[in-house]
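Novice: How does the following fold in three dimensions:
(2 chains)
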Protein chains: 2
Amino acid sequence: MADLVEATGPASGAAPRGPVLFERLCLIGVGLIGSSIARLARERGDIARTLVVSAKTEATLARVRELDLADVVEADPARAVQGCDGVILCIPVGAYAGVMREIAPHLAPGCILSDVGSTKGSVLRDLLPLLPDGVSLVPSHPMAGTEHSGPDSGFSALFQGRWCILTPPPGADPAAVDKVAELWRRAGSLLERMDAATHDKVVAIVSHLPHLIAFTICSTADDLAQETPEGVLRFAASGFRDFTRIAASDVSMWRDIFLNNREALLEMLARFTEDAQALGRAVRRGEAEFIEDRIERGRKVRRSLIELKQA
Amino acid sequence: MADLVEATGPASGAAPRGPVLFERLCLIGVGLIGSSIARLARERGDIARTLVVSAKTEATLARVRELDLADVVEADPARAVQGCDGVILCIPVGAYAGVMREIAPHLAPGCILSDVGSTKGSVLRDLLPLLPDGVSLVPSHPMAGTEHSGPDSGFSALFQGRWCILTPPPGADPAAVDKVAELWRRAGSLLERMDAATHDKVVAIVSHLPHLIAFTICSTADDLAQETPEGVLRFAASGFRDFTRIAASDVSMWRDIFLNNREALLEMLARFTEDAQALGRAVRRGEAEFIEDRIERGRKVRRSLIELKQA
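Specialist: Numbers count the residues shown, from 1 in each chain, chains lettered A, B, ... in the order given. Prediction:
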């Protein structure tokens, strides 16, 4: 589906408005990603004629009303999806199976079910078995985020120029895939399509492992801080500071990501650990050339990202 | 030496100019840190009456002249230090022993020898045995940096509000320590004093280990990129991008840091590896509570840094 990629790019200037994509679109969950989609849909007007938002707590629902993020605000996800031709799950991936059990009987024939989760094998595992006939599943992963969460944290430009990966299962309806692709195109995303297993490996190395490492080094430093009277954290230098920025992330979301991308994450952790031990061994043995080679590779990767405009 | 810390803080507004600190100050090496000290000394006028800069290559010396960073530019470090009452080594720590052999016979009695290296045990090891009678050694470590290097990369405000750790050896002349402290105070640094071994542990966790990890994850990702046709680097997400920023550092400097803080770095790597394996095991076993606890600790550490204004 090369045309998906070629036809794509961040919108520049005033985006051309196409026909309205969904008659009635339901977002289940309204954190950083969900509320950013809601703001985008409200601003553009060509994404959904009617926007329904469902959330778990009364406080969040009240905030959605205050922020005027939806036409319809509905606590019960089963009621929220009724009559919708589009439904997007914007909740932690660990909550998918439970929500799917509630909504599946109420999904209308012809409806497109999508999501924005960071793990994709788990989405097929949790959603496909309950998918009613006539409903299309088109999982998506907008690779955009900040360290903030909740309905107040979203903004419509969040997806501009960022990748969005679609992982439709084999045999997915091409028209449904195109519609979800068009949504992300209107969000300004760069689109790519791959199978769920490849996706899960890619994100394990570029996102999940870095987060696991960031959480870990904070713990390691915290232990040391409690052992030493000097208070090591006072002296947090640039390396460490950058790690803590990554570590300031939403707890439920990351717990769910780790648990739902287990195999790929553990494989990347094993590869990384081997590589770290090899560098540690070179330090112990005083092998300057090996150390220089590793540092050079870091610089090379950094340069590649700058060339790819992903830095 | 509590007064050292209490009397300290970033200068606000126009800094009061004190008497000139050094009659003739020599900087050996003029990369990011050295050229920042040079710019500071030129701007303030109260750090050195005469500023001598020595560098290894003719190209760097020429650039120092073009940028007008010094009163005297001198290729030979032995000649450069002659008649100086202050000498600061601003070169990679691996070059200290060789340079010290050259300059030691030419250090004048009463001279203060300092440095800006990121490892401090190695400084005592390499410099103390060759220190002439009457010369005071006051090592310092300004914890400030960017990913850039070379004489063009420095700026006089680099040290503003950043920690500078002094590690004078036991029995160091208090007047010499005060003079070096005053230099960093005029640079706007926050001062702290500790022994070299404690310093080396602190920086191992807040700076050296994060760099080792960043270099490693870039290598791991680079290997994976070469195995997969999809090109994982294209999808570099926020976690990974932050790591590559750290990894874009000077090769010789970091090679020398790793080799000269070997014990502390390997201890921190061992601690970190244990902690990473424990988190990996929790992921494998599906232990949600352990995972949440680690993520929470990351957030807690981040909040501490924000409170300490080091974020």
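Novice: Now the residue positioned nearest the centre of chain A. Its backbone dihedrals?
Specialist: Geometric centre of chain A, nearest residue: residue A:118, 4.1 Å, by CA atoms, centre = their mean. Here is the backbone geometry of residue A:118 (degrees, to the nearest 10): phi -90, psi -10.
Novice: which residue does the stretch 1-150 of chain A bring closest to chain B?
Specialist: Chain B sits closest to residue A:143 of the stretch 1-150 of chain A, with a gap of 5.1 Å, by CB to the nearest CB. From N, CA and C alone the C-beta is placed, and that goes for glycine too.
Novice: ok, residue A:87 - contacts?
Specialist: By CB atoms under 8 Å, 6 or more residues apart in numbering or on different chains, residue A:87 lies in contact with A:25, A:26, A:28, A:81, A:103, A:107, A:111, A:112, A:113, A:114.
Novice: want to try CSV for those residues, with pLDDT, secondary structure and distance to residue B:207 as columns?
Specialist: Converted to CSV, the contacts of residue A:87 look like this (pLDDT from 0 to 100; DSSP: H, G, I helix; E, B strand; the rest coil; distance: CB to CB, whole Å):
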residue, pLDDT, secondary structure, distance to residue B:207
A:25, 98, strand, 48
A:26, 98, strand, 48
A:28, 98, strand, 43
A:81, 98, coil, 50
A:103, 98, helix, 49
A:107, 98, coil, 52
A:111, 98, coil, 52
A:112, 98, strand, 49
A:113, 98, strand, 47
A:114, 98, strand, 43
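Novice: With respect to residue A:155, which of these is nearest?
Specialist: Of all those, residue A:25 has the smallest distance to residue A:155: 18.7 Å, by CB to CB.
Novice: residue contacts, the closest one?
Specialist: Each residue near residue A:25 by CB under 8 Å, 6+ apart is listed here: A:41, A:47, A:48, A:50, A:51, A:52, A:84, A:85, A:86, A:87, A:88.
Novice: got it, and residue A:167?
Specialist: In this structure, residue A:167 makes contact with A:120, A:123, A:124, A:139, A:140, A:141, A:193, A:194, A:195, A:196, A:199, judged by CB under 8 Å, 6+ apart.
Novice: What separation do you get for the closest residue to the first one other than its chain neighbours and chain B?
Specialist: Right, residue A:120. Nearest residue to residue A:120, sequence neighbours excluded (CB to CB, 6 or more residues apart in numbering or on different chains): residue A:196, at 4.0 Å. Going from residue A:196 to chain B by CB to the nearest CB, to the nearest Å gives 13 Å.
Novice: wait, isn't residue A:196 in contact with residue A:139?
Specialist: Yes - applying CB atoms under 8 Å as the test, residue A:196 and residue A:139 come out as touching, 7.3 Å apart.
Novice: sorry, back to before: same list, the contacts of residue A:87, but as JSON lines with distance to residue A:35 please.
Specialist: As requested, those are exported to JSON lines (distance: CB to CB, whole Å):
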{"residue": "A:25", "distance to residue A:35": "14"}
{"residue": "A:26", "distance to residue A:35": "14"}
{"residue": "A:28", "distance to residue A:35": "12"}
{"residue": "A:81", "distance to residue A:35": "18"}
{"residue": "A:103", "distance to residue A:35": "20"}
{"residue": "A:107", "distance to residue A:35": "23"}
{"residue": "A:111", "distance to residue A:35": "22"}
{"residue": "A:112", "distance to residue A:35": "21"}
{"residue": "A:113", "distance to residue A:35": "20"}
{"residue": "A:114", "distance to residue A:35": "16"}
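Novice: Of those - the most surrounded one?
Specialist: Highest neighbour count within those: residue A:26, with 30 neighbours (other CB atoms under 10 Å in any protein chain shown).
Novice: Make sure that residue is actually in contact with residue A:81.
Specialist: Yes - shown here, residue A:26 and residue A:81 form a contact pair, counting by CB under 8 Å, at 5.1 Å.
Novice: who touches both of those two?
Specialist: Joint contacts of residue A:26 and residue A:81 (CB under 8 Å, 6+ apart) are A:52, A:54, A:87.
Novice: that older thread, residues touching the residue nearest to residue A:120, list them.
Specialist: Here residue A:196 is in contact with A:120, A:121, A:123, A:124, A:139, A:167, A:169 (CB under 8 Å, 6+ apart).
Novice: show me the contacts for residue A:111.
Specialist: Residues in contact with residue A:111 (CB under 8 Å, 6+ apart) are A:81, A:84, A:85, A:86, A:87, A:134, A:135, A:136.
Novice: burial of residue A:136, as a residue count?
Specialist: 20.
Novice: Next, find the distance separating the residue nearest to it when sequence neighbours are not counted from chain B.
Specialist: Counting by CB to CB, 6+ apart, residue A:136 lies nearest to residue A:176, which is 3.6 Å off, once chain neighbours are set aside. Here the criterion is CB to the nearest CB. By it, residue A:176 lies 23 Å from chain B.
Novice: Off-centre distance for the helix or strand where residue A:176 lies?
Specialist: According to DSSP states H and E, residue A:176 maps onto helix A:174-186. With CA atoms, centre = their mean, to the nearest Å as the basis, helix A:174-186 stands 17 Å off its chain's centre.
Novice: Next, the buried residues of it.
Specialist: A:176, A:177, A:178, A:179, A:180, A:181, A:182, A:183, A:184, A:185, A:186 (16 or more other CB atoms under 10 Å in any protein chain shown).
Novice: which helices and strands does the helix or strand containing residue A:241 pack with?
Specialist: Element membership for residue A:241, per DSSP H and E: helix A:238-247. Counting contacts by 3 or more CB pairs under 8 Å, 6 or more residues apart in numbering or on different chains; DSSP states H and E, helix A:238-247 is packed against helix A:209-227, helix B:209-227, helix B:238-247, helix B:288-307.
Novice: That helix to helix B:238-247, inter-axis angle?
Specialist: Per axes from the mean of the first three to the mean of the last three CA atoms, to 10 degrees, the angle that helix A:238-247 makes with helix B:238-247 is 180 degrees.
Novice: Tell me who's in contact with the closest residue to residue A:148 other than its chain neighbours.
Specialist: Among residues not flanking residue A:148 along the chain, residue A:32 sits closest, at 6.2 Å (CB to CB, 6+ apart). Residues in contact with residue A:32 (CB under 8 Å, 6+ apart) are A:145, A:146, A:148, A:149, A:150, A:153, A:154, A:158.
Novice: If we go by neighbour counts, what in stretch A:119-129 is buried?
Specialist: A:119, A:120, A:121, A:122, A:123, A:124, A:126, A:127.
Novice: do the same with stretch A:156-167
Specialist: In terms of neighbour count (16+ other CB under 10 Å), stretch A:156-167 has its buried residues at A:156, A:158, A:159, A:160, A:162, A:163, A:164, A:165, A:166, A:167.
Novice: Remind me which helix or strand residue A:24 belongs to.
Specialist: For residue A:24, the host element (DSSP H and E) is strand A:22-28.
Novice: quick check: angle from that strand to helix A:174-186?
Specialist: Using the same axes, to 10 degrees: strand A:22-28 against helix A:174-186 is 70 degrees.
Novice: Mean confidence (pLDDT) on the helix or strand following strand A:22-28, please.
Specialist: Sequence-wise, the next helix or strand downstream of strand A:22-28 (DSSP H and E) is helix A:32-44. Computed over helix A:32-44, the mean pLDDT rounds to 97.
Novice: again with stretch A:60-70
Specialist: Stretch A:60-70 carries an average pLDDT of 97.
Novice: and that stretch, how far from the chain's centre?
Specialist: On the basis of CA atoms, centre = their mean, stretch A:60-70 sits 22 Å off its chain's mean C-alpha point.
Novice: Give me the contacts around it.
Specialist: By CB under 8 Å, 6+ apart, the residues outside stretch A:60-70 that reach it are A:27, A:30, A:35, A:38-39, A:42, A:51-53, A:55, A:73, A:75, A:150-152.
Novice: Could you give me the ChimeraX syntax to select whichever of these are buried?
Specialist: Selecting the buried subset of those in ChimeraX, with 16+ other CB under 10 Å as the burial test, is done by:
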select /A:27,30,35,38,39,42,51,52,53,55,73,151
